[in-house]
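In: Need coordinates for the below:
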Amino acid sequence: MFSPIHLGNHWCLVCVNFIEKTVKYYDSLKGKNPKCLNIIFDYLKQEYENKKNKEFDCSGWQILDAEDCPQQENGYDCGVFTCINAEYLSRDVKLDFVQDRYSALIQVNTPQHTKHTQH
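Out: As a prediction, this is how the structure comes out:
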């Protein structure tokens with residue numbers, strides 16, 4: 001399960017893996033957000049208990065900051081990194097992309113590269 005997280009001026013990603021029993025935080029600026037991870041995990045527990053009418057077994061679950069999150073080289077590509085992280089994780093492939101590889105996509109989405117035409 002993927003949940004994009006908007007922190008006002010920065011986008012991150014939380015990935016819940018029910019098979020590996022992990023809740024991971026992906027931040028392309030190396031930020032940490034234990035409060036966010038705990039809120040997501042508490043929500044999962046509450047939903048389970050509401051739907052199943054039994055206590056959620058927390059044993060084996062890990063709440064982690066992703067160590068393999070690629071890092072952005074500027075202050076405005078976090079949304080693109082969040083989307084690319086989710087796409088890679090959804091295919092269960094290694095997060096081995098670099099910013100240069102996606103520079104054309106990123107440039108199209110930055111304000112200084114957006115062209116406005118008047119009719």
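In: count of neighbours near residue 31?
Out: Using other C-beta atoms under 10 Å, residue 31 is surrounded by 15 other residues. (Glycine included, C-beta is placed from N, CA and C.)
In: Would you agree it is in contact with residue 9?
Out: No. Look at residue 31 against residue 9 with C-beta atoms under 8 Å: they stay out of range, at 11.8 Å.
In: Helix, strand, or coil at the spatially most central residue of the chain?
Out: The chain has residue 13 as the residue nearest its centroid, 1.4 Å off, counting by C-alpha atoms, centre = their mean. Here residue 13 takes the strand state, with states given by DSSP: H, G, I helix; E, B strand; the rest coil.
In: what sits against residue 78?
Out: Applying C-beta atoms under 8 Å, 6 or more residues apart in numbering, we find residue 78 in contact with 10-12, 28-29, 72.
In: That one and residue 52: what is the separation?
Out: Going from residue 78 to residue 52 by C-beta to C-beta, to the nearest Å gives 36 Å.
In: ok, now residue 18?
Out: For residue 18 relative to residue 52 (C-beta to C-beta), the value is 14 Å.
In: phi, psi of residue 29?
Out: phi -120, psi 20 (degrees, to the nearest 10).
In: Provide the count of other residues in contact range of it.
Out: 15.
In: Next: residue 98.
Out: 10.
In: All the strands of this structure, residue numbers only.
Out: 2-6, 11-17, 22-26, 62-65 (DSSP state E).
In: neighbouring strands for the last one, and are they parallel or not?
Out: With DSSP bridges as the test, strand 62-65 is paired with strand 22-26 (parallel).
In: What is the least confident helix or strand in the protein?
Out: Using mean pLDDT, DSSP states H and E, the weakest-scoring helix or strand in the chain turns out to be helix 103-108, at a mean of 50.
In: All good on my end, thank you.
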